[in-house]
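Colleague: With the sequence up front, the predicted model follows.
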Amino acid sequence: MTGRFIWQGKRVLITGVNGFIGGNLAKYLMQKGADVIGIVRNISEDSLLYFEGIASRIKLIHGDIVDKELLMRVFAEEQVQCVFHLAAQVEVGVARAYPYLTWETNIKGAYCLLEAVRENRENIEAVVIASSDKAYGEYGKDKMPYREDYPLIPVYPYDVSKACADMIARSYSSPLYGLPIVVTRFCNIYGPGQLNFSAVIPDSTRCALGYGEFVPRSDGSQLRDYIYVGDVVELYAVIAENLAGNPGLAGEVFNAGTNKPRSARGVVEKVFEITGQQEKYEKIEKLWADKKTIGEIDCQYMTFDKVDEFFGWKPKTSFDTGMRETIDWYRKYLSAKRELT
Ligand SMILES: NC(=O)c1ccc[n+]([C@@H]2O[C@H](COP(=O)([O-])OP(=O)(O)OC[C@H]3O[C@@H](n4cnc5c(N)ncnc54)[C@H](O)[C@@H]3O)[C@@H](O)[C@H]2O)c1
């Protein structure tokens, strides 16, 4: 790991800053002294950024990620030095129903952002593009864990959109343009601030805490790897720190997971166990049967071997600890929301 990089006063642009990972990353980098600038499409105060009072301490710019003129202005006026591109349409169900919207945001958004980087390259030290494990597509259990050198073979709309952006980034980091870009393909991320309640952890936690009934959408057998958002934001920072001033890293792709696949069923059971709602879970257990989902990959997990080899980085938070912190956060957030309504 390099020790030279200093976040204090660094001009950092985060796209998708009002989202789950963006909010956590803004909080982390702000605490390190960075000047965070965030692009937000919707002025939704229903987010970690507002709930934890971060929004008022960073600079927010309203606009759409496909608005290249806006991006050009942001780069020029804000003297951006480091970029984390997180803005995306992330809901798999929405992607299936509205592929066009997903292509627009996830693919066009990526090349608009990367063009703005290219045209403002003098100041820019590091660009991290959030791809996803979904970009790999379906490889089957016997080929897990995913390795960074696997060809991308996705089929489903969200997965394809992430793979396209991932490859476009490769073009900009190639010797043709030589931009300091790294792509991350992380597994499922969970933790405080995830408010996409179509995802299994937010949905089941909300229900276990007494805000609705949990209805399984599948047979619960799908295997996913879950990494804690606190670990992820630290890793994002480590990648950017190492990329700055090190052109040899441009074009690298990094997976990060815990190498521990968990079934949706096991995750939901854990949520109900931590919240002391085992009896409630016994009823849910009967509802999993015979619900097969179409349009989602069956088994995905990955190691952290390459980030360990390059940066000496490993995830620190066990699933049990991460889930307890996550559930505590939802407890506070949901009760504050109830008081407001
Ligand atoms: N959450 C995960 O498990 C996970 C795992 C791997 C990769 N990722 C990637 O990390 C990134 C962030 O994911 P997240 O979980 O924080 O999602 P999120 O939905 O919480 O955040 C995405 C943000 O992007 C914004 N956005 C969407 N369309 C936009 C547009 N057209 N213009 C400007 N902003 C727009 C949304 O308003 C939102 O604030 C995504 O690129 C996602 O693909 C997420």
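Modeller: Arrived safely, thanks for sending. Residues are numbered from 1 along each chain as shown.

Colleague: Run through the strands of the stretch 101-250 of the chain in chain order.
Modeller: 126-130, 181-186, 188-190, 223-224, 226-228 (DSSP state E, counting those that start in this stretch).

Colleague: now these in JSON lines, with mean pLDDT?
Modeller: Shown next, in JSON lines, are these (pLDDT from 0 to 100):
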{"stretch": "strand 126-130", "mean pLDDT": "98"}
{"stretch": "strand 181-186", "mean pLDDT": "98"}
{"stretch": "strand 188-190", "mean pLDDT": "98"}
{"stretch": "strand 223-224", "mean pLDDT": "96"}
{"stretch": "strand 226-228", "mean pLDDT": "98"}
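
Colleague: can I get those strands in JSON lines with distance to the ligand and mean neighbour count?
Modeller: Glycine gets a C-beta too; all of them are placed from N, C-alpha and C. Listed next are these as JSON lines, based on distance: least, C-beta to the nearest ligand atom, whole Å; neighbours: other C-beta atoms under 10 Å:
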{"stretch": "strand 126-130", "distance to the ligand": "4", "mean neighbour count": "26"}
{"stretch": "strand 181-186", "distance to the ligand": "4", "mean neighbour count": "24"}
{"stretch": "strand 188-190", "distance to the ligand": "4", "mean neighbour count": "22"}
{"stretch": "strand 223-224", "distance to the ligand": "9", "mean neighbour count": "20"}
{"stretch": "strand 226-228", "distance to the ligand": "8", "mean neighbour count": "23"}
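
Colleague: Switch those strands over to JSON lines; also include distance to residue 54.
Modeller: Converted to JSON lines, these look like this (distance: least, C-beta to C-beta, whole Å):
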{"stretch": "strand 126-130", "distance to residue 54": "19"}
{"stretch": "strand 181-186", "distance to residue 54": "22"}
{"stretch": "strand 188-190", "distance to residue 54": "18"}
{"stretch": "strand 223-224", "distance to residue 54": "28"}
{"stretch": "strand 226-228", "distance to residue 54": "19"}
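
Colleague: Which one of those lies nearest to residue 253?
Modeller: Evaluated over the strands of the stretch 101-250 of the chain, closeness to residue 253 peaks at strand 181-186, with 4.7 Å, by C-beta to C-beta.

Colleague: about what we covered before: residue 207: which of the strands of the stretch 101-250 of the chain is closest?
Modeller: Among those, strand 188-190 sits nearest to residue 207 (C-beta to C-beta), with 15.5 Å.
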